[in-house]
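1. Prediction below, plus the sequence it came from.
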Amino acid sequence: MKQKKIIFSLFLFLAASTFLFAQKITIRGIVTDEQGMPMPGVNIQEKDGTTGTTSGFDGDYQISANKGSVLVFSFIGYKTSEIIANGEIVDMKMASDAKELDGVVVTALGIKRDQKSLGYATQKVRVADVVTVRDADLNSALAGKVAGVQFQGSPSADFRTSTLRLRGNTEILYVVDNIKVVSISDINPESIESINTLKGLSATALYGPEGRNGAIVITTKKGKKGTTSVEFNVSSSLENVYGLPEFQNEYGGGYSQTFPKYTYNAANDPASFAAFDGQDIVDYTADESWGPRMQGQMVRAWNSWEEGTPEFGKLTPYSANPNNVKDFYNTGVTNRTSLSAGKGGEDYNINFGITKTSKEGVVPNTARTQYDVNVTAEANLSKKFKVYSTILFQDRETTGYNDKNLILPAVASLRQWFQRQLNMDDLRNYRMNGKIVTWNRTSATNGKSFGWNSPFFDQYEQPNKEDNKTFNGRFGASYEIINGLTATAELRKNYLGSAYYDITNAWGGVAVPKYEESLAIKNRDEVSGILNYKKKINKFDIAATGGFEYQFYDNTYMISETVGGLVSDGFYSISTSVGIPLTTNRRFKSETRGFFTTASVGYDDFLYVDGSYRNDFSSTANVNDNKLTTYGVSGSFIFSKFIPENTIFTFGKIRAGYAMAPQFPNAYQTSPVYTTGTTYGTYPTSSTPGTLVNPSLTGGNREEKEYGVDLKFFNNRLSLDASYFDRLDNGIPYRVSFDGSTGINGVFLNQGEQTYKGYEVALSGSPIKTNSFEWNIGVNFATLERKVVAIADGIDRNVIQSGNSNMGNVQLVEQVGEEWGAIYGSRIARDENGKAKLTAAGAYVRELGVYLGNILPNYTGGLTTSFTYKNFDLSLGFDFQQGGKYYSVSNSLVNRTGVGIETVGNNDLGNPKRDPIVNATTGASIATGAMLNSAVTPTSGGLLVEGVDGTTGADVAYRVSTRTYWSNIRAITEPFLEDASYVKLRTMRLGYNFSKTILSKTPFQKINLAVYANNLWLIYAVNRDIDPSELQSYNTTGTPFIETAQLPNSRSIGLNLVLTL
């Protein structure tokens, strides 16, 4: 009986097992998008089960599941879908989710991730906000749109690319379709599809040392599957200067308020000049405006001395020309035309674009013509094998390119050294009777320049020309080895070739003629191989990547310049040099090999952990220590999953990350090299660099901790993204300056420590959203505190840059224990009661080496807002900065040279400031200098300067001539240290989409007409003469510190038409 029970039980067990096994079936199918195109990489999971898979290259999948179970399909950017598996063939068509698409970002190595899963700070930029304002400078278009990014502009007229500083550092890595581009100016904004900013080290660890300052990852447009599109985009804008200093219009050129007179010299002067003896003339040699009051007196102007010209011998009124500086500038014109086409099929997609940009600048004889071509293509050669390619080409020719970061001579003359009575139209005619002449002529009989050329001579006779060609390209192939495992290989290339042709000094000008030619070639080749694995197991989402990357650099720089003038006047060629031309050649070659891996694990859509690890080996480091390891870990916890659904709180995530990123030294910093020079007779020469090499130099490290929170409210109508980072730089290679008397001027050392700490906040929302009206707004805000902890053994202070004595000995300094970027200089010395100390000549006593402020702002930020009403759209972009200082040479000179408004008007006595100072006892008067105030008459001019005697401490007051006062005070830093705070309306666009009724009568699917403006309005700045957002950098840190002769601000307003087929 017992044996029968056992047999019966075994039978039941086998029967049950057979029944259960029979319910497991193999389900196959294809996953497609809304256009019916296959979708690879879709997660398929048996709901409440343990099995899962991902779709293959052609969207096909296979899964073993119970019959009748529910299959869950999910993919980034698409709505999660469920279907009951009643048969063996189950196809799925995925529907896109606009909300989810907004959350998809491209991260390091081009990996697409759902933003909610990331444990580090990123910020996606809406491409429409960048492209629609038609700004060819992508950095400028990004201004104010990313928290933690400080914009450092460049005046439009000099064609230089603006700069972005992310978390206090420049040299941001720009990556376009996985290609690391040399310069962001090489990228055509018209080709961009997405922009994402990777801010911290955790986000950029896969890029190794190159990504340590953050990365801006860009993808270009691709053809859409199942569609054909053609777009024609044309725009034209006008540009005009604004924000010039307020000039005085009471006194003209000269150093005295009495006109000099022409004295005829029969032995030297032409006989025809005899009739001019005794006529009033202008002091032509003066480049300042301390001359006579302009009252229409008849005088001999600079252009009245050339025989055979209509102006010869004429007397003209000595009168003000209030707009003479503004009249120098033209109305700039920019025309931009682009054509793009895209097509996608079941097994391929391709996109092509070409853009022509032509610009005539506001500065005379400055122009640029630029062609951009971009091609992206992708083809599935089989179910598992895919090839793809990106080509970006740019050809750019520029006249008037400011390639050496130098001030334009004409601008320096006009803004600082000029005569207020000069007529700008007269200066255009700098060739008279076969001679080169200028307003600053040597004498009545000698038209050669005394110090300044005509500004039009500078622009037309000695322009800088640039010919720039860039190529950025990649070719890649990927193969799906098994379901979820894909191998990818890529070849990438960057080429930048820049040729410069500079007439530094033209024949007939103030200096010895000089001509330069230079060529810079930068080559970068990369080879990479990557394995990607993606798998969903139960509630776990697993993704892993591993690979290698070889990089080869070959940079060449050559420059040749004439010496001693030109053999043939007006013929500019290196071969016409009077002396042996000076030629310099440099070549830098290096190689880097990197090996990396990264993994991401997610659990049940609420918990994510990421880790990245990379080893790099570089030829620029010490051969015995050339390995660097970069790593980062991050995690995120979506706590909102555990909060009951409600109408207020939609999403919440906290995140944290930690990373370490080292740095290699630059090429030839660890080994001595020789530079060849000009031959000495028949002997070749060479020299060692002024900077001493350091064989023990290492790369140093950067360590960063980052914490953040992402919150969304009211069904994603309101979003908050906040981050805090704490960064430590330790042992970073840095150049420390030495006194030149030591035989070297500096050495590279592994600097001690610097810390960076800051907050970044981005707030966005849609306060109003109806069927016909929508208002969107985004605000971002960021702080940065950067402190110097240590520099090097025995060094507590390092001078980064110094100004000369005319700048009050201003210095940019890093000092241990202080915030980086400290400004030291001179200020007015004062006694214990705050009274200014004075010399016996009525000048302020200077206190040297005083801390005066810092170049870093307290905070930066921006605001973008857009309104849509039916077919109309309006968008505005603002950026702002609070705090920070810079030294202004322009402001120190505008009054020093007598052209500024503060040099005129009445003094405290009610008399004109420029009137002479009269001694009450003797009746003697002085035009320059000073007297004790108690000794002058009530009718005296000059300025009252009060204080205490610098020696005795007794109270004293002087009456100082206006010219002397401004000459004295220029030697002090503090009065010309300006606040860098500003608020600016940078972009504006008002557009209209033509209605479907109108479109039905045309071949177009869409027509948009818009008015746009760039650099529209400097709303606030303490000193409105200079735009703090466009300060140019003149130091190795890439940080604006000294403003020398900034070009005036300019705004452009244009019209844009977009036609879409």
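-> Great, that's in hand. Numbering: from 1, shown residues only.
2. Please report how far the spatially most central residue of the chain lies from Ala143.
-> With distances taken as C-alpha atoms, centre = their mean, Thr163 lies nearest the centre of the chain, 1.6 Å away. Note on Thr163: its distance to Ala143, by C-beta to C-beta, to the nearest Å, is 11 Å. Any C-beta I mention is one placed from the backbone N, CA and C, and that applies to glycine too.
3. Could you name every residue contacting both of these two?
-> The contact sets of Thr163 and Ala143 overlap at Phe151 (C-beta atoms under 8 Å, 6 or more residues apart in numbering).
4. For Ser723, which three-state class applies?
-> Of the three states, Ser723 takes strand under DSSP: H, G, I helix; E, B strand; the rest coil.
5. how far away is it from Gly884?
-> Noted for Ser723: a distance of 22 Å to Gly884, by C-beta to C-beta.
6. got it, and Met294?
-> 39 Å.
7. Those two - which one has more neighbours?
-> Ranked by neighbour count (other C-beta atoms under 10 Å), Met294 and Gly884 place Gly884 first, with 25 against 20.
8. tell me the contacts of the more buried one?
-> Contacts for Gly884 (C-beta under 8 Å, 6+ apart) come out as Asn854, Ile855, Leu856, Pro857, Asn858, Asp979, Ala980, Ser981, Pro1028.
9. Buried ones among the residues you listed?
-> With neighbours counted using 16 or more other C-beta atoms under 10 Å, those contain these buried positions: Asn854, Ile855, Leu856, Pro857, Asp979, Ala980, Ser981, Pro1028.
10. okay if I get those residues as CSV plus pLDDT and distance to Leu173?
-> Shown next, in CSV, are these (pLDDT from 0 to 100; distance: C-beta to C-beta, whole Å):
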residue, pLDDT, distance to Leu173
Asn854, 94, 27
Ile855, 92, 24
Leu856, 92, 22
Pro857, 93, 23
Asp979, 94, 32
Ala980, 94, 26
Ser981, 95, 29
Pro1028, 90, 26
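11. Looking at those, spot the one nearest Gly243.
-> Comparing those against Gly243 with C-beta to C-beta places Pro1028 closest, at 11.3 Å.
12. what's the spacing between the closest residue to the residue nearest to the centre of the chain other than its chain neighbours and Lys627?
-> In space, and not counting its chain neighbours, Thr163 is closest to Gln152: 4.2 Å by C-beta to C-beta, 6 or more residues apart in numbering. Computed as C-beta to C-beta, the Gln152 to Lys627 distance reads 34 Å.
13. The two: which is more packed in?
-> Neighbour count, other C-beta under 10 Å: between Gln152 and Lys627, Gln152 has more, with 20 against 12.
14. Would you mind measuring from that one to Asn139?
-> 9 Å.
15. ok so, going back, strands - which of the contacts of Gly884 land there?
-> Among the contacts of Gly884, the residues falling in strands (DSSP state E) are Asn854, Asp979.
16. Next up, the contacts around Ala840.
-> Applying C-beta under 8 Å, 6+ apart to Ala840 gives the contacts Asp949.
17. Would you confirm that Thr937 contacts Asp915?
-> No: counting by C-beta atoms under 8 Å, Thr937 does not reach Asp915; the two are 10.4 Å apart.
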